[in-house]
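What would the 3D arrangement of this be:
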Amino acid sequence: MQTTGFQEAVEAVSREDKRFHADAYLFLRDAIEATLKRRKKETKELGGHVAAAELLEGFRLHALGEFGPMAMTVFDYWGVRCTEDVGCMVFNLVQAGVFGKTDEDTIEAFAGGFDFRAAFVIPFTSGKNPLNVPGSNEVRSGE
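Reported below is the predicted structural model:
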């Protein structure tokens, strides 16, 4: 993942596609980095490509860790309301040359990944553990 010029790319993408706040792209980059760290910790596999399903799960976990019950509010403010929006942001950054993609990567792979309300609201109103960590009902960043 390229970091040089990321801020400039985000500014350009945000001017072109006004649906998403620039901070949403910064969060997306952080979520990908957290996903890669989690993968390294769990499988000892370094870096590499992150497919849509793994990215979405990393995005969800990172959001719960960073924002807890405020995740929906933050994402709503940023214009990110569903997993398809995450895919649009990823592909905006692919088009800007910041992220790479494989031939198997499609924007459609982000469709229906998870329901934002089910992921970011219900866990905090149901008393269930939002990060699926056995024996804990508190949100942890997972990093």
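
hey, let's count contacts and neighbours off CA atoms from now on
OK.

Can you classify the closest residue to residue 6 other than its chain neighbours by secondary structure?
For residue 6, ignoring the flanking residues on the chain, the nearest one in space by C-alpha to C-alpha, 6 or more residues apart in numbering is residue 98 at 6.7 Å. The local conformation at residue 98, judged by DSSP: H, G, I helix; E, B strand; the rest coil, is coil.

swap in residue 104?
coil.

Relative to residue 11, how far out is the residue positioned nearest the centre of the chain?
Centroid-nearest residue in the chain, with C-alpha atoms, centre = their mean: residue 59, separated by 2.8 Å. Using C-alpha to C-alpha, to the nearest Å, residue 59 is found at 21 Å from residue 11.

Now the host helix or strand of residue 56: buried residues?
Counting by DSSP states H and E, the element that carries residue 56 is helix 52-67. Of the residues in helix 52-67, 52, 54-67 count as buried by neighbour count, 16 or more other C-alpha atoms under 10 Å.

Please enumerate the helices of the protein.
Ranges of helices within the chain are 6-16, 22-43, 52-67, 71-78, 83-95, 116-120, 122-126, based on DSSP state H.

Which parts of the least confident helix or strand in the chain by mean pLDDT count as buried, going by neighbours?
The weakest-scoring helix or strand in the chain, judged by mean pLDDT, DSSP states H and E, is helix 122-126 (a mean of 84). Buried residues in helix 122-126, defined by neighbour count with 16+ other C-alpha under 10 Å: 123, 124.

go on, stretch 16-27?
20, 21, 22, 24, 25.

Now that stretch: average pLDDT?
Averaging pLDDT along stretch 16-27 gives 97.

i'd like the first residue to be 31 from this point on
Renumbered: residue one is now 31, and that last one reads stretch 46-57.

Kindly format the C-alpha coordinates of stretch 128-138 as PDB.
Extracted in PDB, the C-alpha atoms of stretch 128-138 (Å, rounded to 0.1, in the frame of the first residue of the first chain):
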ATOM      1  CA  VAL A 128      -3.100   4.700  -4.300                       C
ATOM      2  CA  PHE A 129      -4.300   1.100  -3.900                       C
ATOM      3  CA  GLY A 130      -3.800  -1.800  -6.300                       C
ATOM      4  CA  LYS A 131      -6.200  -4.500  -7.300                       C
ATOM      5  CA  THR A 132      -6.200  -8.000  -8.800                       C
ATOM      6  CA  ASP A 133      -8.300  -9.200 -11.700                       C
ATOM      7  CA  GLU A 134     -10.600 -10.900  -9.200                       C
ATOM      8  CA  ASP A 135     -11.300  -7.600  -7.300                       C
ATOM      9  CA  THR A 136     -14.700  -6.100  -8.100                       C
ATOM     10  CA  ILE A 137     -16.800  -3.400  -6.600                       C
ATOM     11  CA  GLU A 138     -19.600  -5.800  -6.500                       C
END
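
Done for today, thanks.
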